[in-house]
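A.B. asks: Build me a structure from this.
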Amino acid sequence: MKKLIYLTGILIVGISLYSFTLKKEECIDESLDLLIEINLADYQEGKWGSWNLTDCLRGLDFRVRNDGYNKYAKKTRWSVEFRNRYEENIHFSTKMVAYRDRAEIKRSEKTTDRIHVDGRNGTNGSYFLVDDPNSVYVYINRIRISPKDYNSDYVDCDR
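C.D. replies: So this is what the prediction gives:
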């Protein structure tokens with residue numbers, strides 16, 4: 001009985017110490033580049049994370065969701081949702097990669113998805129297969145804030 005009480009006490013102390021060492025969700029914005037790093041121990045698969053602000057566009061928010069492992073692609077499916085707080089529609093290109101691949105995506109500027117989000121709290125998103133279950137990097141470029149995604153120039157950051 002003493003051994004059981006002793007082991008239970010060690011287990012409770014160990015769990016308590018471990019829970020204080022886990023990293024919390026981080027968001028680091030760099031220009032048009034967004035980093036979201038999530039420790040899965042703090043994150044429930046299939047649930048959206050909280051809305052995050054971008055450093056570049058004061059009217060564009062985003063959040064991510066880990067949709068689980070895709071055994072056929074042997075990658076993790078990550079969803080991203082964008083929310084537009086501008087009055088006008090916003091259009092931009094995006095791609096999500098593993099955080100370790102951020103330098104390559106910034107260098108190449110190759111995006112795969114074109115997102116169109118209606119003004120006044122419209123939302124839209126996409127999903128990506130990423131070979132990292134813990135951290136993702138969302139790259140955004142070719143931004144237009146206008147009614148249509150043509151006949152206007154790309155915009156710079158407004159922050």
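
A.B. asks: In this protein, what helix or strand scores lowest on average pLDDT?
C.D. replies: Least confident helix or strand of the chain, by mean pLDDT, DSSP states H and E, is strand 26-30 with a mean of 41.

A.B. asks: What's opposite residue 69 in the beta bridge?
C.D. replies: Taking DSSP bridges as the rule, residue 69 bridges to residue 76.

A.B. asks: doesn't residue 76 make contact with it?
C.D. replies: Yes. In this structure, residue 69 is within contact of residue 76 by C-beta atoms under 8 Å, at 5.6 Å. C-beta: built from backbone N, CA, C; applies to glycine.

A.B. asks: Mutual contacts of these two, please.
C.D. replies: Taking C-beta atoms under 8 Å, 6 or more residues apart in numbering as the contact rule, residue 69 and residue 76 both touch residue 133.

A.B. asks: between these two, which one's more packed in?
C.D. replies: Ranked by neighbour count (other C-beta atoms under 10 Å), residue 69 and residue 76 place residue 76 first, with 21 against 12.

A.B. asks: And the pLDDT at the more buried one?
C.D. replies: Note on residue 76: pLDDT of 97.

A.B. asks: so what's it up against?
C.D. replies: Here residue 76 is in contact with 66-70, 129-133 (C-beta under 8 Å, 6+ apart).

A.B. asks: possible to save these as a markdown table with distance to residue 152 and pLDDT?
C.D. replies: Formatted as a markdown table, the contacts of residue 76 follow (distance: C-beta to C-beta, whole Å; pLDDT from 0 to 100):
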| residue | distance to residue 152 | pLDDT |
| --- | --- | --- |
| 66 | 35 | 96 |
| 67 | 34 | 96 |
| 68 | 39 | 96 |
| 69 | 40 | 96 |
| 70 | 37 | 97 |
| 129 | 32 | 98 |
| 130 | 31 | 98 |
| 131 | 36 | 96 |
| 132 | 35 | 95 |
| 133 | 39 | 95 |
